[in-house]
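Novice: Curious how this folds, go ahead:
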Amino acid sequence: MKTEAFAVLLREVLAEPLENWRAVYEGFSPVDLETGERRGRTPPPEGEPRRAAVLVPILMEPDGARLVYTVRRGHLNDHAGQISFPGGSVEPNDGSPLETALREAEEEIDLRPGLVEVVGALEDMYIPPSNFLVSPYVGLLPPEAEMVLAPEEVEEIFSVSLRHLMSPGALRRVIWRREGRDYEVPVFAADGPPEREIWGATAAMTAALLVRLGWQTSFTETNM
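Specialist: Have a look, this model is predicted:
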């Protein structure tokens, strides 16, 4: 699909809420194999969650669109060492969550806001461990967009083709052991090498975008 047609499609599918967005988001929370429980994605009634925003960058390469991810540095206070989209906390001087997402993308991967064509937003994502309510914005990047990581925040920048993410076998369920308990975790296996596993909130936001583009698997049908 050509860039202009893809941008039109994205604007169309992002213009309306995703009907089953909460189920998609919650379907990517780890499941405790002992209790069968998974963390919900609804903010608790008491208190206010911390506000944050991320940019979901889509690099429009000649051979197809690619989602851009970062690997966070291991010393950071929140979500250290995890794969994420560029973003961070809303600051008092930010005029809007979108401004936050663009500012953070420029700080983390040197992506100039003028290179980003914002085509819409995904539903807000609540992340229980950090008590963040995250606003994700989808932006198109031209093929010539250059990204340089900020070494104090980002360990690596990489991209994964939408074609791969929507292919059979990209979504897997793996077993992780954390603090003496086993969890079943849905992950997207990136097309390495090296092989990377995209999980948690980042995987859920990825899935919310892919579902809008027609992605369907037996996993989403039976678990979401």
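Novice: Buried residues of stretch 63-76, list them for me.
Specialist: 65-73 (16 or more other C-beta atoms under 10 Å). Where C-beta positions appear, they are placed from N, C-alpha and C, glycine not excepted.
Novice: List of residues touching it?
Specialist: 6, 56-59, 79-86, 108-109, 141, 147, 149, 151-163, 165, 190, 196, 198, 202, 206, 209 (C-beta atoms under 8 Å, 6 or more residues apart in numbering).
Novice: What about those residues, which are in helices?
Specialist: 6, 108-109, 162-163, 165, 202, 206, 209 (DSSP state H).
Novice: could you dump those to a markdown table with neighbour count?
Specialist: As requested, the ones in helices among the contacts of stretch 63-76 are exported to a markdown table (neighbours: other C-beta atoms under 10 Å):
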| residue | neighbour count |
| --- | --- |
| Phe6 | 18 |
| Glu108 | 24 |
| Ile109 | 21 |
| Leu162 | 19 |
| Arg163 | 13 |
| Leu165 | 23 |
| Thr202 | 25 |
| Thr206 | 27 |
| Leu209 | 23 |
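Novice: now, which of the residues you listed sits nearest Leu18?
Specialist: Leu209 (9.3 Å; C-beta to C-beta).
Novice: pLDDT score for the closest one?
Specialist: At Leu209, the model reports a pLDDT of 97.
Novice: just checking, it touches Val56?
Specialist: Yes - between Leu209 and Val56 there is a contact under C-beta atoms under 8 Å: 6.5 Å.
Novice: Spell out which residues are contacts of both of those two.
Specialist: Common contacts of Leu209 and Val56, defined by C-beta under 8 Å, 6+ apart, comprise 67, 122, 138.
Novice: Good, wrapping up.
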